[in-house]
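Asker: Please work out how this folds:
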Amino acid sequence: LKPDFVHAFEYSDCWVEDSRLVVLNAMDAAARGAVIRPRTRCLEAVRTDGLWRLSLQDEATGETYAITARALVNAAGPWVGDVGQSVLHNNSRAPVRLVQGSHIVVPKLYDHAGCYIFQNDDRRIFFVIPYEQDFTLIGTTDQDYQGNPADVRASAEEIAYLCRSASDYLAREITPEMVVWTYSGVRPLYDEAGDTAAQAATRDYVLKLDAADGAAPLLSVYGGKITTFRRLAESALAQLAPLLPAASGKPAGWTGRETLPGGDFPMQGFEALRATMAACYPFLPERHLRRLLRAYGTRVTILLGDAKSLADLGENFGADLTEAELHYLVTHEWVRSSQDILWRRSKLGLRISQAEAERI
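Answerer: Okay, the predicted model is just below:
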């Protein structure tokens, strides 16, 4: 920090890699009987004979087919309104406001593990966070967004804004030329009025249930964020449960007490797990082993198998990404492209060249 900042408050928070949390939830659901169908588009959903009938399309093959369901949840995030209109044929306005948030990543700005939360002159807060060991993450912005959420990108103005904001506090000036990567997302905020500043719209989730006159229920999810995703899911089930056959085998709230795939070791037991795996796979460099354990936990034994040397893991594509890891990701995590691997299951894209990505 600049030397004129001498007082601060500290609070504790949790750390999570979003890409891993998402895929591990899907893997856990699949292990418990759910059918996970990525790259599948819902073309239409209509109520018929007390059920939902959905027309689905496999985007890889173009094949279309139909399924039926007792209940339907529209959890399409920033597309929740589009799905309501084009798929469900609901002509009423969706009470959702799209707000863009962009981030920048620069080479590591400091050596300690602490995060900073700062406030700008415009009263917005932003964060400066250690990221992927060798980088620093700065974000986020808050501005209304129009258009397809799939097309969202950090603008030059947002990048300059974040650089300028961080430079107000940090001893080292941050410039757009230092940025090695940006990412941007669209928050689907619940906002019936729509006439307030973007940062004033609620960050709470809102659930709307449509099950009038015994019709097949539709639950629409507005808002929500990663820190409350499981509580949101519990709230959704609480609304749907009275309209569905009685569940059996699991008490309410059980997901808060069971680990996700690979997480079956004590909360403070990472170093003990690392020591055990280092003894099992002594050929793995320390940094490589730590990355694998952070991503896969105890499932690292499925990935590494009976390997006795680095050569047993096959080709190294860069950043310690091996053929064995690619095979694991394709087999267990629905991976079909280099982008899936480098950005949607990890952040190894920060370390992989274009030529290496094409080889993958």
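Asker: Show me what secondary structure element comes after the longest strand belonging to the chain.
Answerer: Using DSSP state E, we find that the single longest strand of the chain is strand 96-107. Taking DSSP states H and E as the definition, the helix or strand that follows strand 96-107 towards the C-terminus is strand 116-119.
Asker: Go through that following strand and flag the buried ones.
Answerer: Judged by neighbour count using 16 or more other Cβ atoms under 10 Å, the buried positions of strand 116-119 are 116, 118. C-beta here means a position set from N, CA and C on the backbone, and glycine is covered the same way.
Asker: could we number from 583 for the rest of this?
Answerer: Done: numbering now begins at 583, and the last item shifts to strand 698-701.
Asker: Could you export that strand as CSV, CA atoms only?
Answerer: Provided in CSV are the C-alpha atoms of strand 698-701 (Å, rounded to 0.1, in the frame of the first residue of the first chain):
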residue,chain,number,x,y,z
TYR,A,698,-7.8,-6.0,0.2
ILE,A,699,-11.2,-4.4,0.1
PHE,A,700,-11.2,-0.8,-1.0
GLN,A,701,-13.7,2.0,-1.6
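Asker: For the next helix or strand after it, list every residue counted as buried.
Answerer: Later in the chain than strand 698-701, the nearest helix or strand by DSSP H and E is strand 707-713. Of all the residues in strand 707-713, those buried under the rule 16+ other Cβ under 10 Å are 708, 710, 711, 712, 713.
Asker: and what of stretch 584-603?
Answerer: Buried positions in stretch 584-603, judged by neighbour count with 16+ other Cβ under 10 Å: residue 602.
Asker: State the mean pLDDT of it.
Answerer: Average pLDDT, stretch 584-603: 90.
Asker: Other residues contacting that stretch?
Answerer: Among residues not part of stretch 584-603, those counted as contacts by Cβ atoms under 8 Å, 6 or more residues apart in numbering are 697, 751-753, 808, 842, 876-877, 925-929.
Asker: from those, which ones fall inside helices?
Answerer: Those of these mapping onto helices are 876, 877, per DSSP state H.
Asker: What about the contacts of stretch 584-603, which one has the most neighbours?
Answerer: Looking at these with neighbours defined as other Cβ atoms under 10 Å, the largest count falls to residue 928 at 24 neighbours.
Asker: got a list of what the nearest residue to residue 647 once chain neighbours are set aside touches?
Answerer: Nearest residue to residue 647, sequence neighbours excluded (Cβ to Cβ, 6 or more residues apart in numbering): residue 638, at 5.8 Å. Neighbouring residues of residue 638 by Cβ under 8 Å, 6+ apart: 619, 622, 623, 624, 625, 646, 647, 648, 649.
Asker: Can you tell me which of those is nearest residue 812?
Answerer: residue 619 (22.0 Å; Cβ to Cβ).
Asker: for the chain, which helix is longest?
Answerer: Ordering each helix of the chain by length in residues (DSSP H) puts helix 600-613 first.
Asker: Follow the chain on from that one and name the next helix or strand.
Answerer: Sequence order places strand 622-630 as the next helix or strand after helix 600-613, per DSSP H and E.
Asker: Could you list every helix and strand in contact with that following strand?
Answerer: In terms of contacts (3 or more Cβ pairs under 8 Å, 6 or more residues apart in numbering; DSSP states H and E), strand 622-630 is packed against strand 633-640.
Asker: is it fair to say residue 911 lies in a helix?
Answerer: Yes - assessed with DSSP: H, G, I helix; E, B strand; the rest coil, residue 911 lies in a helix.
Asker: State the distance from it to residue 905.
Answerer: With the distance defined as Cβ to Cβ, to the nearest Å, residue 911 ends up 11 Å from residue 905.
Asker: Tell me which of those two has more neighbours.
Answerer: residue 911 (22 against 14).
Asker: Now residue 763: phi and psi?
Answerer: Backbone dihedrals for residue 763, given as degrees, to the nearest 10, come out at phi -160, psi 150.
Asker: so what's it bridging to?
Answerer: Applying DSSP bridges to residue 763 yields these beta-bridge partners: residue 687.
Asker: per-residue confidence for it?
Answerer: On the pLDDT scale, residue 763 is placed at 98.
Asker: same question, residue 779
Answerer: Confidence at residue 779, expressed as pLDDT, is 67.
Asker: Residues in contact with stretch 801-819: which ones?
Answerer: Residues beyond stretch 801-819 that count as contacts (Cβ under 8 Å, 6+ apart) turn out to be 598, 600, 603, 653-657, 662, 666, 676-678, 769-772, 784-792, 821-822, 834-835, 837-838.
Asker: what about it, how long is it end to end?
Answerer: For stretch 801-819, the first-to-last residue distance is 10 Å (Cα to Cα, to the nearest Å).
Asker: Distance from the chain centre to it, please.
Answerer: 14 Å (Cα atoms, centre = their mean, to the nearest Å).
Asker: hmm, back to that, let's have the contacts of residue 638 in JSON lines, adding pLDDT and distance to residue 722.
Answerer: As requested, these are arranged in JSON lines below (pLDDT from 0 to 100; distance: Cβ to Cβ, whole Å):
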{"residue": "619", "pLDDT": "96", "distance to residue 722": "31"}
{"residue": "622", "pLDDT": "97", "distance to residue 722": "30"}
{"residue": "623", "pLDDT": "96", "distance to residue 722": "29"}
{"residue": "624", "pLDDT": "97", "distance to residue 722": "30"}
{"residue": "625", "pLDDT": "98", "distance to residue 722": "34"}
{"residue": "646", "pLDDT": "98", "distance to residue 722": "38"}
{"residue": "647", "pLDDT": "98", "distance to residue 722": "39"}
{"residue": "648", "pLDDT": "98", "distance to residue 722": "40"}
{"residue": "649", "pLDDT": "98", "distance to residue 722": "37"}
